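**Student:** Any chance you can model this:
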Amino acid sequence: VAIKTLNEEFPNVPLLFNILGACYQSLKQFDASIQMFETAVSLKPDYAEAHFNLGVILKVSGRTHLAVESYRKAIELLPNYLGAHINLGNALKQIGELEEAILSYQNAITINPDYAEAYNNLGITFMSLGRLEEAVKSYDNAISINSGFYDAHNNLAMALKKLKRLDEALVNYERANELKPDINFIFGHILHTKMTLCIWDNLTSDLKDLRKKINKGQKVVAAFSMLGLIDDPKLQRKATEIYANDKFPISNVLPKIEYYPKHKKIRIGYFSADFHNHATMHLMAELFECHDKSSFELIAFSFGPDQQDAWRKRVLLSFDEFIDVSLKSNED
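**Tutor:** Presented below is the predicted three-dimensional model:
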């Protein structure tokens, strides 16, 4: 209220609009917050902090593409603006501009070589691109700077597991859990890794604990890991719902999808990461070929690797349209 009163007395002071924007943000009145920051930068176009703050609130409110523009403007005004570089990387990563996100994190590291969070985020981006060795190196750098960085230990474990370095993965999962007990889903990762290594110690009691935690709605196991742990469809469904609601919450970023008018053919879209030499494709390829093309139009949405092998070439012939969405954001 005091800031608002000052603002009314001095209506052309960018600092006051910037502070008001922060106040509205704290109150979660995002539209009002955006309006205040936009006014601040209109009054003072070289106000880097206000551009940065505008980027933060735009991203929070789901307008990530616009947030990218605000962060870039802040960096243009202050090239060594560390927070803007890291936030730009996070926003770019979210909209699927992964290579550009890497450059932003590397810029942040150039400005501050001891920025453990930047190395961790860089590792996450390398992981998204399947560049696992580079991800491991980034996580190692983060941990060398901050040995208690539990997120980096957890992420390192995930990368090592993908590289089949299971002993090292287990050590890092357990270290992360030791640093911060009950990290979301880590209990399931530890159990699944132990089973893969044929370490059966305390398995019976661990599975009892897992069952109790799931029934309490706790975030303890990833959906896929659960399949190999407890053969109970109802419990598997509950674990999957917990996981899906956490990782993919309901979003109102996109408008309502209106009902389509009838088409001459029924259109079927297949989403898969496995349109290549993979067990799933060995099972599915003939199914695609058996569709009656006079009645059905088939569209493939691939979010897996672009492996130009015989299986991918085979399934390409089955689809009317094949769209690679691997580097696109959910919104795109």
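
**Student:** can we go C-alpha only for contacts and neighbour counts from here?
**Tutor:** OK.

**Student:** which intervals of the stretch 101-250 of the chain have sub-threshold pLDDT?
**Tutor:** For the stretch 101-250 of the chain, no stretch has pLDDT under 70.

**Student:** Which phi and psi values does residue 292 adopt?
**Tutor:** phi -80, psi 100 (degrees, to the nearest 10).

**Student:** where does it land on pLDDT?
**Tutor:** Among the per-residue scores, residue 292 shows a pLDDT of 95.

**Student:** Could you do the one 3 residues further on as well?
**Tutor:** Looking at residue 295, its pLDDT reads 95.

**Student:** Tell me the spacing between it and residue 284.
**Tutor:** Computed as Cα to Cα, to the nearest Å, the residue 295 to residue 284 distance reads 19 Å.

**Student:** Between these two, which is the more surrounded one?
**Tutor:** residue 284 (14 against 10; other Cα atoms under 10 Å).

**Student:** Tell me the secondary structure of that one, please.
**Tutor:** Of the three states, residue 284 takes helix under DSSP: H, G, I helix; E, B strand; the rest coil.

**Student:** what pLDDT does it get?
**Tutor:** Looking at residue 284, its pLDDT is 95.

**Student:** how far away is it from residue 116?
**Tutor:** For residue 284, the distance to residue 116 - Cα to Cα - is 43 Å.

**Student:** now do residue 14
**Tutor:** In terms of Cα to Cα, residue 14 sits 33 Å off from residue 116.

**Student:** Quick one: the strands in the stretch 151-300 of the chain, in order.
**Tutor:** Secondary structure of the stretch 151-300 of the chain (DSSP state E, counting those that start in this stretch): strands at 266-272, 296-302.

**Student:** So which of those is the most surrounded?
**Tutor:** Among those, strand 296-302 has the highest mean neighbour count (mean count of other Cα atoms under 10 Å), at a mean of 18.

**Student:** what are the C-alpha coordinates of that one, in CSV please?
**Tutor:** C-alpha atoms of strand 296-302 as CSV (Å, rounded to 0.1, in the frame of the first residue of the first chain):
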residue,chain,number,x,y,z
PHE,A,296,-7.8,-44.5,-42.0
GLU,A,297,-5.2,-41.7,-42.2
LEU,A,298,-2.1,-42.4,-40.1
ILE,A,299,0.2,-39.8,-38.7
ALA,A,300,3.4,-40.6,-36.7
PHE,A,301,4.8,-38.2,-34.0
SER,A,302,8.3,-39.3,-33.2
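
**Student:** buried ones in whichever helix or strand comes after that strand?
**Tutor:** Heading C-terminal from strand 296-302, the first helix or strand you meet, by DSSP states H and E, is helix 310-316. Within helix 310-316, the residues that count as buried by 16 or more other Cα atoms under 10 Å are 311-312, 314-316.
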